[in-house]
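> coords please:
(one chain, ligands or ions: 1)
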Amino acid sequence: MDAATIALVLIPLAILQFGLMFYALYDLFAEDRRVRGDSKIMWALIIAFASGIGPLVYFFVGRDDSRGAVTGNVPAAPTDSIARILATWPALPETADAAISTTGLSKRYGGGVVALDRLNLTVPSGSIFGFLGPNGAGKTTTLRLLTGLASATDGTGSVAGVKIGGTGGDLARNIGYLDQDPRFYGWMRGRELLNMVGQLHGLHGAALKQRVGEVLEIVGLTDAAHRRIGGYSGGMRQRLGIGQALINQPRVLFLDEPVSSLDPEGRRDVLEIISRLRGTATVFMSTHILNDVERVCDRVAILNFGHLVVEGPIAELLDRYAQPIYELQPEPQQPGSIDRLAAALRGQAWAHEVKSTPDTVRVFVDDPTVAGPAIMPLVVASGVSLVRYERVRPSLEDIFLRLVAESGPPIAPPVTVPVWGLDASGRR
Ligand code: ADP
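Below is the predicted model of the structure:
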């Protein structure tokens, strides 16, 4: 073989070898790259000196994409590190101005659909506000109007002091928004997505890197930042969605059904993040999962058929609509006992409503002084023996179901529970 033939074989091999080596080193020192053994220096030496096979060993053995839980959720980061980060973010201004206020805000679509009808709403600054309503009530429409994604047919509103419906970027600079059904590119890594959104908000260089790092920590995705979004669980994607909404340190954060599609673990993580944002941002979240609302929100509004049915602090709504409920649980192994109990209670003038589950009967009463003494004689007459009989406080869900059932399309004027110290316009 002459020298030219040897060169013809060796030169491409050498180019391939050096190309692989440099690509392996580039990949190794990428910010989010995790490696087995946690020593990048050791892997750099293997790549450079393991006579030809170093880069291949690195690609097949050294890279560690498994960390950050492929199937489960990454545990939320410890609270104190997040508290330290949030303490450095701009606090909500000490102002009595409402974070969100609307007057007569309405949206009509073609075909006579009134999605939102004259909404008057005041959301105090700093609150975590639950915006409730059955499907089709107009929640998403309201969020789209408040975030500037749709324009109102009538009425006005302002968010974080910025009038909605304007064309400048003022609104976008002050708010964050997570869509009901966020879509991400599966091939992107979590950090890449946040980098991209940060750049769209004008962040660059060290400021961008710091903000992305902080947001990853807040949403508990630091360990999964280097992984492709396609491998994230539903809860992780939703937390990434909250992360992208937080990248501009918004004063008002809008979340459209942030927990509806998640399993209990994912819901717990997302609710934990939302509650940690108290004091950093006003959170306005739409949902129809009432247990979650009771856990994190301090105020709620209920919307039905595009109309505001009621609005106020949860504790006041629970007091205001506290319709007593008696719960009766029969001894097991009494065939037909639930039906017999329900039949005995139903039809009584004081029984507003009787509901049964496979093992309990609940009777909603108007006046406990009348219902209390009347229940036991009816139980005795029905021949059912009980293991439990108690008066329980209605949950937010009980109140929600009652108000939604009572508020059909023709609507009574909304009831507003006042915020102490704020007048109707949200000023002190
Ligand atoms: P929610 O979020 O409470 O489920 P939406 O705001 O999505 O309710 O919808 C409120 C009403 O407006 C529904 O009756 C819905 O069908 C209607 N609607 C929403 N978007 C449109 C649209 N682009 N065109 C026509 N009707 C719409």
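> which residues sit in contact with the residue in the stretch 151-300 of the chain positioned nearest to the ligand?
Using CB to the nearest ligand atom, residue 286 is the residue of the stretch 151-300 of the chain that sits closest to the ligand, at 6.4 Å. Just so you know, the C-beta spots here come from the backbone N, C-alpha and C atoms, and that holds for glycine as well. Listed by CB atoms under 8 Å, 6 or more residues apart in numbering, the contact partners of residue 286 are 130-133, 139-140, 142-143, 180, 255-257.
> what bridges to it?
According to DSSP bridges, residue 131, residue 256 are recorded as the beta-bridge partners of residue 286.
> Residue 175 versus that one, what's the distance?
15 Å (CB to CB, to the nearest Å).
> Kindly report the same for residue 376.
When CB to CB is applied, the distance between residue 376 and residue 175 equals 55 Å.
> More neighbours: those two, which one.
When residue 376 and residue 175 are compared for neighbours, residue 175 comes out ahead with 26 against 12, by other CB atoms under 10 Å.
> Now the more buried one: phi and psi?
phi -130, psi 160 (degrees, to the nearest 10).
> And for the one 3 residues further on?
Here is the backbone geometry of residue 178 (degrees, to the nearest 10): phi -120, psi 120.
> just checking, it touches residue 240?
No - the pair residue 178 and residue 240 does not pass the contact test of CB atoms under 8 Å, sitting 9.7 Å apart.
> Neighbour count for those two, which is higher?
When neighbours are counted by other CB under 10 Å, residue 178 and residue 240 differ, and residue 240 comes out ahead with 26 against 22.
> OK, contacts around the closest residue to the more buried one other than its chain neighbours?
Closest residue to residue 240 in three dimensions, ignoring its sequence neighbours and counting by CB to CB, 6 or more residues apart in numbering: residue 190, at 5.5 Å. The contact partners of residue 190, taken as CB under 8 Å, 6+ apart, are 216, 221, 224-227, 229, 232, 236, 240, 243.
> Contact residues of the stretch 51-200 of the chain facing the ligand?
For the stretch 51-200 of the chain, the residues found near the ligand under the criterion CB under 6 Å from any ligand atom are 109, 113, 115, 133, 135-141.
> Nearest to residue 301 among those?
residue 133 (8.4 Å; CB to CB).
> where does the closest one land on pLDDT?
pLDDT, residue 133: 89.
> burial of the residue nearest to it when sequence neighbours are not counted, as a residue count?
Counting by CB to CB, 6+ apart, residue 133 lies nearest to residue 303, which is 3.7 Å off, once chain neighbours are set aside. Applying other CB under 10 Å, we find 27 other residues in the vicinity of residue 303.
> Residue 303 and residue 131 touch, don't they?
Yes - proximity of residue 303 to residue 131 meets the contact threshold set by CB under 8 Å, at 6.8 Å.
> where does the closest residue to residue 181 other than its chain neighbours land in three-state SS?
Excluding the flanking residues, the one nearest residue 181 by CB to CB, 6+ apart is residue 261, at 8.0 Å. In three-state terms, and counting by DSSP: H, G, I helix; E, B strand; the rest coil, residue 261 is coil.
> Give me the pLDDT value at the residue most central in space within the chain.
The chain has residue 258 as the residue nearest its centroid, 2.8 Å off, counting by CA atoms, centre = their mean. Reported pLDDT at residue 258 in the predicted model: 91.
> Next: residue 253.
What the model reports as pLDDT for residue 253 is 96.
> give me the number of residues near it?
The number of residues packed around residue 253, counting by other CB under 10 Å, is 23.
> quick one: secondary structure of it?
When classified by three-state DSSP, residue 253 comes out as strand.
> Roughly how far does it sit from residue 284?
From residue 253 across to residue 284, the span is 7 Å (CB to CB).
> And for residue 290?
Counting by CB to CB - residue 290 and residue 284 are separated by 17 Å.
> who's in contact with residue 182?
For residue 182, the contacting residues are 237-238, 241, by CB under 8 Å, 6+ apart.
> ugh, wrong one, I meant residue 343
With contacts defined as CB under 8 Å, 6+ apart, residue 343 is in contact with residue 382.
> Can you name the element that comes right after the host helix or strand of it?
Using DSSP states H and E, residue 343 sits in helix 337-345. The C-terminal neighbour of helix 337-345 among helices and strands, as given by DSSP H and E, is strand 351-356.
> by contact count, what packs against that following strand?
Contact here means 3 or more CB pairs under 8 Å, 6 or more residues apart in numbering; DSSP states H and E; on that basis strand 351-356 packs against helix 337-345, strand 361-365.
> of those, which approaches the ligand most closely?
Evaluated with CB to the nearest ligand atom, the helices and strands packed on strand 351-356 place strand 361-365 nearest to the ligand, the distance being 25.9 Å.
> who does whatever helix or strand comes next after that closest one touch, helix- and strand-wise?
If you walk from strand 361-365 toward the C-terminus, the next helix or strand you reach (DSSP H and E) is helix 368-382. Where contact means 3+ CB pairs under 8 Å, 6+ apart, helix 368-382 is packed against strand 325-330, helix 337-345, strand 361-365, strand 386-392.
> Let me know the next secondary structure element after the longest helix seen in the chain.
Longest helix in the chain, counting residues (DSSP state H): helix 3-28. For helix 3-28, the succeeding helix or strand toward the C-terminus, using DSSP H and E, is helix 40-49.
> Just the CA trace of that following helix, in CSV.
The C-alpha atoms that make up helix 40-49 are tabulated as CSV, following Å, rounded to 0.1, in the frame of the first residue of the first chain:
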residue,chain,number,x,y,z
LYS,A,40,-16.6,15.5,34.4
ILE,A,41,-12.8,15.7,34.6
MET,A,42,-12.6,11.9,34.7
TRP,A,43,-14.8,11.6,31.6
ALA,A,44,-12.8,14.3,29.8
LEU,A,45,-9.7,12.3,30.4
ILE,A,46,-11.4,9.1,29.1
ILE,A,47,-12.7,10.9,26.0
ALA,A,48,-9.3,12.4,25.2
PHE,A,49,-7.0,9.5,26.0
